[in-house]
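[1] take this sequence and fold it.
(one chain, ligands or ions: 1)
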Amino acid sequence: MPIAKSQPHGVSRKSFPTKETGPSNPQLRRRLRAWYRRNARDLPWRRTADPYAIWISEIMLQQTTVAAVIPYYQRFLAKFPDIQSLAAADQQQVLRLWEGLGYYRRARQLHTAAQVIASQHGGEFPSEFDKILTLPGIGRYTAGAIASFAYDQRQPIVEANTARLYARLLALKLPLTSSAAQEALWGLAQAIVPARKPGEFNQALIELGATICTPRDPQCEQCPLIADCQAHRRGWQNKIPVPAKKPVIEDVTETAVAICANGRWLLIQRAADERWAGMWDFPRVKTPSHEQQQGNVLVADSQSHRAADIRTELHQRLGVTVRSLDEFVTIRHTVTRFRITLNCLQAEARLRQVAHPARWFDLPEMVDLPLTTPARRIAKKLA
Ligand code: SF4
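    Sure thing, here's the model as predicted:
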């Protein structure tokens, strides 16, 4: 049964699915449920109805694949099995467990939200959708996911997998982030979710999007919703979703210095308004514009102007006087839309007291410290 009448560029409000022709028809729901029961992957967060565990999984799964999340999820719950233990934790422990997952703001907000639940909700994860939505780091999708998966409430969900699935069901030829598309996707999500076992049904929608209605070459012949799919009917399944405009990648060159004194290394804690806030990093120094353009390693000749500039900067900023200054390692990594070449130098200094946010650490201490991604790689090289 069709979801909606044909439209040249996808749905309009007029053609939006009705009860008779649309996604609330019982056959569609029956087929999807039957398919899910046969094909659902056994994922750790699907074995529980604990809102805390479901919340952790949902935050980790934002912008991260299922395969990458599983070991982090298991380690996180082993260390912080409930809201109380997470609320009482030091933020540094939380960041350390999150290290490598990226988007560290998620971890800081998770920690803050646990403290809010402990102080304002008596330590019980709230069950009302509106209250869940007020927690730091929780948006409309995550609140709906927790409410439906943990409490079996009839709440719609739209995330990457379901957005693609809905867009194809509707033959929606609009960028998915546009407000018209968002309205259509949330409208379908609201219409399709049933009153009976809505949590399982929402999981089924995600599963179908993740495993059958995949971004490239969806396996339509195995899809339980093939008869309901406008995109398949028109042969548009590989044209929808309309590709998003790719962000322009910018090449950036940065310089770090691994400074050693008596076997201890100087690290700086990143400020709250910086990338990797709260995590520790090797000191950065200014990179001259000609090195940024060339993107190659600078010359650390002790006689060069560059070396002298670095010494002066380190002395003025950190009060540290470095003796030797040598090239050590070049690390390439990507953060959001930046492709970064990090030239790391190595320097010797006399051990002296430094002020926050700088501190000396030996290498074993760094094992439990939350380090930025490049700092962890430098530390491994030093070890
Ligand atoms: S028929 Fe194909 S394009 Fe349509 S929902 Fe199923 S897998 Fe996706």
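
[2] so how many other residues sit close to Gly139?
    9 (other Cβ atoms under 10 Å). For glycine as for every other residue, the C-beta is placed from the backbone atoms N, C-alpha and C.

[3] what sits against the nearest residue in space to it that is not next to it in sequence?
    Closest residue in space to Gly139, ignoring its immediate chain neighbours: Leu133 at 7.6 Å, by Cβ to Cβ, 6 or more residues apart in numbering. Shown in contact with Leu133 (Cβ atoms under 8 Å, 6 or more residues apart in numbering): Gly139, Arg140, Ala143.

[4] in the sheet, who's paired with the residue nearest to Arg350 when sequence neighbours are not counted?
    Of all residues not flanking Arg350 in the chain, Ala261 sits nearest, at 6.0 Å (Cβ to Cβ, 6+ apart). Following DSSP bridges, Ala261 is listed with bridge partners Arg264.

[5] tell me the contacts of Ala261?
    Contacts of Ala261 (Cβ under 8 Å, 6+ apart): Glu348, Ala349, Arg350, Leu351, Arg352, Trp360.

[6] list only buried entries from these.
    Ala349, Trp360 (16 or more other Cβ atoms under 10 Å).

[7] now the contacts of Ala261 in TSV, please, with extra columns for pLDDT, secondary structure and distance to Pro283.
    Conversion of the contacts of Ala261 to TSV gives the following (pLDDT from 0 to 100; DSSP: H, G, I helix; E, B strand; the rest coil; distance: Cβ to Cβ, whole Å):
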residue	pLDDT	secondary structure	distance to Pro283
Glu348	93	strand	14
Ala349	93	strand	11
Arg350	89	coil	16
Leu351	83	coil	15
Arg352	85	coil	14
Trp360	97	strand	12
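
[8] name the nearest of the contacts of Ala261 relative to the ligand.
    Trp360 (56.0 Å; Cβ to the nearest ligand atom).

[9] residue contacts, the closest residue to Leu110 other than its chain neighbours?
    Nearest residue to Leu110, sequence neighbours excluded (Cβ to Cβ, 6+ apart): Ile59, at 5.4 Å. Applying Cβ under 8 Å, 6+ apart to Ile59 gives the contacts Arg106, Gln109, Leu110, Gly137, Thr142.

[10] I figured Arg164 hits Gly209, correct?
    Yes - between Arg164 and Gly209 there is a contact under Cβ atoms under 8 Å: 5.6 Å.

[11] and stretch 273-281, C-alpha only, in CSV?
    Output of stretch 273-281 as CSV, limited to C-alpha atoms (Å, rounded to 0.1, in the frame of the first residue of the first chain):
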residue,chain,number,x,y,z
ASP,A,273,36.3,27.0,25.4
GLU,A,274,38.9,25.1,23.4
ARG,A,275,38.8,22.0,21.3
TRP,A,276,39.3,18.9,23.6
ALA,A,277,38.2,21.0,26.6
GLY,A,278,39.4,19.4,29.9
MET,A,279,41.9,17.0,28.3
TRP,A,280,45.7,17.2,28.4
ASP,A,281,47.9,18.1,25.6
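
[12] name the residues that touch it?
    91-92, 95, 99, 104-105, 108, 256, 267-272, 335, 359, 361, 366, 369-375.

[13] inside helices: which ones of those?
    Gln91, Gln92, Leu95, Arg105, Arg108, Met366, Thr373, Pro374, Ala375 (DSSP state H).
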